[in-house]
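**Q** This is a predicted model, with the sequence first.
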Amino acid sequence: MKAVTLYTDGACSGNPGPGGWGAILMFGEHKKELSGGDAKTTNNRMELTAVIRGLEALKEPCLVDLYSDSKYVIDALEKGWAKGWRARGWVKADKKPALNPDLWERLLELCETHTVKLHWVKGHANNPYNNRCDELAVGEWQKLK
């Protein structure tokens, strides 16, 4: 399998409000930037969408090092929360409905296709790829204001 690095970020102006997402895929010397937005969304939906769009851009199963500053995304995957929500019919352990089941379902499918290693990075710090993803995401929601 090819080894790919994926950086992602989501941003929102208001929560809900106009939102954007950004992703950077890197394989060897190749680098591809992706971004998009939604007129009325939440920050968490944009964080999830960034990861989904990045993984969907891969044309074959890959080993993916995923870097995100979203504890929501990283913890729910790493700690098995999202799989638990799905197993309980998108209900959390506290019996409340899990948010964003449509996006979690798609992300879990993609994580079954690819081998994803999760890395949390501090947002708005000194990681140039995370900062670039933030620029892409903010640029997208600004188009929607």
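**A** That came through fine. Numbers count the residues shown, from 1 in each chain.
**Q** Low-confidence bits of the protein, can you list those?
**A** Nowhere does the chain drop to pLDDT under 70.
**Q** Point to the residue nearest the middle of this protein.
**A** residue 51 (2.8 Å; CA atoms, centre = their mean).
**Q** list the contacts for the closest residue to residue 120 other than its chain neighbours?
**A** Nearest residue to residue 120, sequence neighbours excluded (CB to CB, 6 or more residues apart in numbering): residue 74, at 4.5 Å. Where you see a C-beta, it was placed from the backbone N, CA and C, and this is true even at glycine. By CB atoms under 8 Å, 6 or more residues apart in numbering, the contact set of residue 74 is 68, 118-120.
**Q** if we go to 7 Å?
**A** By CB atoms under 7 Å, 6 or more residues apart in numbering, the contact set of residue 74 is 68, 118, 120.
**Q** Check residue 119 too.
**A** Contacts of residue 119 (CB under 7 Å, 6+ apart): 65-67.
**Q** secondary structure class for it?
**A** strand (DSSP: H, G, I helix; E, B strand; the rest coil).
**Q** now it: how far from residue 1?
**A** Residue 119 sits 18 Å away from residue 1, going by CB to CB, to the nearest Å.
**Q** wait, isn't residue 34 in contact with residue 54?
**A** Yes - the pair residue 34 / residue 54 is scored as a contact, 6.5 Å apart, by CB atoms under 7 Å.
**Q** which neighbours do these two share?
**A** residue 23.
**Q** Same drill for those two, tell me which one is more crowded.
**A** residue 54 (26 against 18; other CB atoms under 10 Å).
**Q** With adjacent residues omitted, what lies nearest to that one?
**A** In space, residue 54 is closest to residue 23, 3.8 Å off (CB to CB, 6+ apart).
**Q** before we move on, which element is that neighbour in?
**A** strand 17-27 (DSSP states H and E).
**Q** tell me which residues in that strand are buried?
**A** 17-25 (16 or more other CB atoms under 10 Å).
**Q** what do you get for stretch 40-53?
**A** Those would be 41-53, for stretch 40-53 by 16+ other CB under 10 Å.
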